[in-house]
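1. Sharing a model that was predicted from the sequence below.
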Amino acid sequence: MNKSYHSIVVDRGIALHKMIRLITFSTSGGGYLNFMGNEFGHPEWIDFPREGNNWSFKYARRQWQLAENKNLKYNSLLKFDRKMLKLHTDFKILDDLTVKRIYENNADKVVAYMRGELLFVFNFHPTTSFTDYGIPVSGKFRVVLDTDDPSFGGFNRIDRKTIYISIRKAERNIINAPLYLYLYLPSRTALVFKKEAIRKATDI
């Protein structure tokens, strides 16, 4: 689990681990409970002394030093966990019990929803990345969390400084054509956006 080591199995597992944690956290009903031993992708289970394991203390521990070791991938998972939990600290999303489904495509394995002022977009497809993928939502958005961030063990395929604005794309100038947020969605990644206020000409 050294950061310099890569394999399809390990990289896929880490990507899915972050996505599963994020979708669980962001759709939870007002609270989030993390199962002990799963704080950062723990390599062993936790098992307290009991008759069934001959009262062994072997697994009655947590290996926190793995998460603090900056050379290991566990450290990247710990950083992601802290950033994910900070979404509630900064935006109080768990206080808003409404999760509004925006989009779901089972074939593409893409799902998007709003919670509070945040937009969550997931691409669970194991191999396909999508370019210019339209999410039917209007507004101006900036990235506040990207599971593909290299500091979280990702591959840095998203420009996190870009400001995204919904637009209409139509062959003809159709009145009231729907607005879409067009995104690049790498495979096995999730993005969290904050909706921003759009300044009117009268405000400038």
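-> In hand now; what should we look at? Model, not experiment: these values are computed from the prediction.

2. What ranges in the protein fall below the confidence cut-off?
-> Counting by pLDDT under 70, the chain contains low-confidence residues at 36-42, 170-175, 200-204.

3. quick one: contacts of stretch 99-110?
-> Here stretch 99-110 makes contact (Cβ atoms under 8 Å, 6 or more residues apart in numbering) with 26-27, 111-115, 119, 121-126, 128, 130, 133, 135-137, 185. From N, CA and C alone the C-beta is placed, and that goes for glycine too.

4. let's go with 10 Å and repeat that
-> Identification of contacts with stretch 99-110 by Cβ atoms under 10 Å, 6 or more residues apart in numbering yields 26-29, 93, 111-116, 119-126, 128, 130, 133-137, 180-181, 183, 185, 187-188.

5. May I see the buried residues of stretch 118-128?
-> Within stretch 118-128, the residues scored as buried using 16 or more other Cβ atoms under 10 Å are 118, 119, 120, 121, 122, 123, 124, 125.

6. My guess is the last one contacts residue 188. True?
-> In this case it means residue 125. Yes: with contact defined as Cβ atoms under 10 Å, residue 125 counts as touching residue 188 (7.3 Å).

7. so where do the helices sit in this protein?
-> Along the chain, the segments classed as helices by DSSP state H run 8-26, 64-68, 73-91.

8. will you turn those into CSV that also has distance to residue 45 and mean neighbour count?
-> Converted to CSV, these look like this (distance: least, Cβ to Cβ, whole Å; neighbours: other Cβ atoms under 10 Å):
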stretch, distance to residue 45, mean neighbour count
helix 8-26, 16, 17
helix 64-68, 14, 15
helix 73-91, 15, 18
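
9. Mind checking these for the one nearest to residue 196?
-> helix 73-91 (12.8 Å; Cβ to Cβ).

10. other SSEs contacting that closest one?
-> helix 8-26, helix 64-68, strand 118-123, strand 140-146, strand 189-196 (3 or more Cβ pairs under 10 Å, 6 or more residues apart in numbering; DSSP states H and E).

11. If we use 8 Å, what do you get?
-> Counting contacts by 3 or more Cβ pairs under 8 Å, 6 or more residues apart in numbering; DSSP states H and E, helix 73-91 packs against helix 8-26, helix 64-68, strand 140-146.

12. ok, and what's touching that helix?
-> So helix 73-91 is in contact with 1-3, 10, 14, 17-18, 21-22, 25-26, 32, 39-41, 66-69, 93-95, 116-118, 144-145, 147, 149, 151-153, 192, 194, going by Cβ under 8 Å, 6+ apart.

13. what angle separates that helix from strand 140-146?
-> Taking axes from the mean of the first three to the mean of the last three Cα atoms, to 10 degrees, one finds that helix 73-91 is oriented at 140 degrees with respect to strand 140-146.

14. In contact with residue 10, which residues are there?
-> Listed by Cβ under 8 Å, 6+ apart, the contact partners of residue 10 are 1, 73.

15. I appreciate the help and will end here.
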